[in-house]
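[1] Got a predicted model here, sequence first, then my questions.
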Amino acid sequence: MDRVMERDGRRPDSAQATKAVSAKWATVAAFCASLVGIGLARFAYTPLLPAIVGAHWFDASMAAYLGAANLAGYLVGALAGRPLAARATVPVTLRAMMLVATVAFIACAYPVSFAWFFAWRFLAGLAGGALMVLAAPAVLPHVPASRRGLAGGVIFMGVGIGVAASGTLVPLLLQHGLRDTWLGLGAISLALTAIAWQGWPADTAARPDTSAPAHHRRPPRSGALRALYAEYALNAAGWVPHMIFLVDFVARGLHRGLQVGAEYWVLFGIGATVGPLFAGALADRTGFGRALRIAFVLEIAGVAMPALGLGSSWLIVSSVVVGAFVTGTVPLVLGRVHELLEHHPAQQNSAWRTATVGFALFQAVAAYGLSFVFSHDGGDYRLLFAIGVVAMVLALVIDLAAAFGNRNDGAKERLAPTRADLG
């Protein structure tokens, strides 16, 4: 029977099953990378900040600069990820970056000096930026196209779980002391690094696609790509009011206290956990471009709710919706990059890095810019959310304009005479 199956060509089923298992394992590895590099290395610092100040490790202003160190490191990591992988391999670089994030947690348990702490927070951000530009692109080409939306959702769900953990797990660890909390985060990161260690696919970086002759390939849609870069960067700016000011807005702006503010942050984290799965499933049904447009509309509504002062129920909706798309938009943009460069796979990793760098830059600029506005306008929280709405609306307008332009270009291409017509 086995020989008959080999002759009939049905034996490859087992090979396909092995490949499917490998794709699942690789997805788990990338999930662990996003949880360690972004979910914990960045977002776990938010609830640790008051504890660091309260334990007199650093004063409030210095502790804020330590948060900025992580954002700066993230930008550098997004820029350096591909060059680092080119010197070694993608799997080696991914393992090294997860180890760097793990060591950074352990090092931060010992506040030797401000420079020491700053350097390790910077390195944690660098590891997160490199993992963001390398992990998902290393895995998704090994996933069947019909499931890439869902796989991307699973990968970036790690970020959302990190946000949720920052509001739940970290306070529990803090009951044992600040140093033990850092060491506990290091132990969790080490365990996740071990799980991911053998899950990375063999290095396939930057190999050109030779499956079709070059003269049959369509040119890359550079206009649509530039629009996508701008949309993603504007989204990063539009999220900042929720990511930085949501808890403070509830606690002080609405006079409801830190405990209630933390509850809204947990809601934000719940949204961030399920958002990538929802966005990925939506993209598998509608395509990444249309799913991204739907996300923009929902984000505009979510960011506008606090600016309009609609009340507690709407603020709950806002926290969950914006949290969902802070993480859910990431797999949508990555999938859209793959759609636009479907016939140019060698350019996909570079395009994703460009998008991530733009995201990191606009997020950092928006964080400092909105902090400046807040400190100079008498603490008007609603103005911050209104600025976020403007950024989101601009992203949607750019997306619609790019879609309209592509439709016109496609119509012109269909109407253009071919050589056969002219002959």
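    Perfect, I can see it now. Numbers count the residues shown, from 1 in each chain.

[2] separation between Phe245 and Ser22?
    Distance from Phe245 to Ser22, counting by CB to CB, to the nearest Å: 43 Å. Using the backbone N, CA and C atoms, a C-beta is placed for each residue, glycine as well.

[3] Likewise for Tyr232?
    30 Å.

[4] just Val133 next, same as before
    In this view, Val133 and Ser22 are 22 Å apart by CB to CB.

[5] Looking at these two, which one has more neighbours?
    Val133 (26 against 16; other CB atoms under 10 Å).

[6] before we move on, which element is the more buried one in?
    Using DSSP states H and E, Val133 maps to helix 114-139.

[7] List the buried residues of the next helix-or-strand element following that helix.
    Going down the chain from helix 114-139, the next helix or strand is helix 148-174, by DSSP H and E. For helix 148-174, the neighbour count (16 or more other CB atoms under 10 Å) marks 148-167, 169-170, 173-174 as buried.

[8] Could you list the low-pLDDT ranges of the protein?
    1-21, 60-61, 64, 203-221, 258, 406-423 (pLDDT under 70).

[9] May I see the domains of it written out as residue ranges?
    According to automatic domain parsing, the chain comprises the domains 20-201, 218-408.

[10] what's near enough to touch the most centrally placed residue in the chain?
    Geometric centre of the chain, nearest residue: Val330, 4.7 Å, by CA atoms, centre = their mean. Val330 makes contact with Gly152, Phe156, Val159, Pro276 under the criterion CB atoms under 8 Å, 6 or more residues apart in numbering.

[11] my guess is the second one meets Ala33, correct?
    Going back to what we said before, that points to Phe156. No: with contact defined as CB atoms under 8 Å, Phe156 does not count as touching Ala33 (10.3 Å).

[12] can you tell me how far the residue nearest to the centre of the chain sits from Ile155?
    Separation of Val330 from Ile155 (CB to CB) stands at 9 Å.

[13] Residues that sit against both of the two, list them.
    Pro276.

[14] which outside residues touch stretch 152-160?
    Stretch 152-160 has contacts (CB under 8 Å, 6+ apart) with 27, 30-36, 38-39, 43, 135-136, 139-140, 269, 271-281, 283, 323, 326-328, 330-332, 334-335.

[15] what's the offset of it from the middle of its chain?
    Offset of stretch 152-160 from its chain centre (CA atoms, centre = their mean, to the nearest Å): 8 Å.

[16] same question, stretch 188-195
    Distance, centroid of stretch 188-195 to centroid of chain: 20 Å (CA atoms, centre = their mean).

[17] how about the strands in this protein?
    Under the criterion DSSP state E, the chain contains no strands.

[18] Longest helix in this protein, by number of residues?
    Using DSSP state H to define each element, the chain has its longest helix at helix 381-415.

[19] Now do that helix: distance to the chain's middle.
    21 Å.

[20] Not counting its neighbours along the chain, what's nearest Ala360?
    Leu75 (4.2 Å; CB to CB, 6 or more residues apart in numbering).

[21] I meant Ala29, not that one.
    Counting by CB to CB, 6+ apart, Gly199 is the residue found nearest to Ala29 once chain neighbours are left out, at 3.0 Å.

[22] what's that neighbour in contact with, if anything?
    Trp25, Ala26, Val28, Ala29, Cys32.

[23] and the gap between the closest residue to Gly128 other than its chain neighbours and Ala104?
    Nearest residue to Gly128, sequence neighbours excluded (CB to CB, 6+ apart): Gly37, at 3.8 Å. Using CB to CB, one obtains 10 Å as the distance from Gly37 to Ala104.

[24] Please apply the same query to Leu292.
    From Leu292 to Ala104 the distance is 33 Å (CB to CB).
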